[in-house]
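>>> have a look at this prediction, sequence included:
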Amino acid sequence: SGFYYTMSLINGNYKMVILYCLREFGVVRFNEMKKYIGEISYKTLSSTLKELEADQLVHREEYPQIPPKVEYSLTERGKSLIPILDGMCEWGDRNRL
């Protein structure tokens, strides 16, 4: 169903955090994102970004220069998910026990 598909896209420790980070800062480099998120390991950040990219929520732009520069941003598909995440957060704030 649509519900399970949506949950499969955002399920994971840092997926929502990364999506919100990109919403907040627009275009973000890997090390900047690591700094914003803090406690995430390089390996986890890398694999989570790969998953989000495979699901077409995040765009990865690689610039052929030395040292290599890679930037991440939300795709249109990723941006369209943000209001749903906002709604989940608002519901949680209102209904926390």
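It's in. Residues are numbered from 1 along each chain as shown.
>>> if you count residues, where's the longest helix of the chain?
For the chain, the longest helix by residue count, based on DSSP state H, is helix 76-95.
>>> can you point out the buried residues in it?
Residues of helix 76-95 classed as buried: 78, 81, 85 (neighbour count, 16 or more other Cβ atoms under 10 Å). Any C-beta I mention is one placed from the backbone N, CA and C, and that applies to glycine too.
>>> buried set for the lowest-mean-pLDDT helix or strand in the chain?
Sorting the helices and strands of the chain by mean pLDDT, DSSP states H and E puts helix 2-10 at the bottom, at a mean of 89. Residues of helix 2-10 classed as buried: 9, 10 (neighbour count, 16+ other Cβ under 10 Å).
>>> any idea of the angle that helix forms with helix 76-95?
100 degrees (axes from the mean of the first three to the mean of the last three Cα atoms, to 10 degrees).
>>> could you shift the numbering so residue one becomes 33, and keep it that way?
Got it, first residue is 33 now, which makes that one helix 34-42.
>>> and the contacts of helix 34-42?
47, 48, 51, 87, 89, 113, 116, 117 (Cβ atoms under 8 Å, 6 or more residues apart in numbering).
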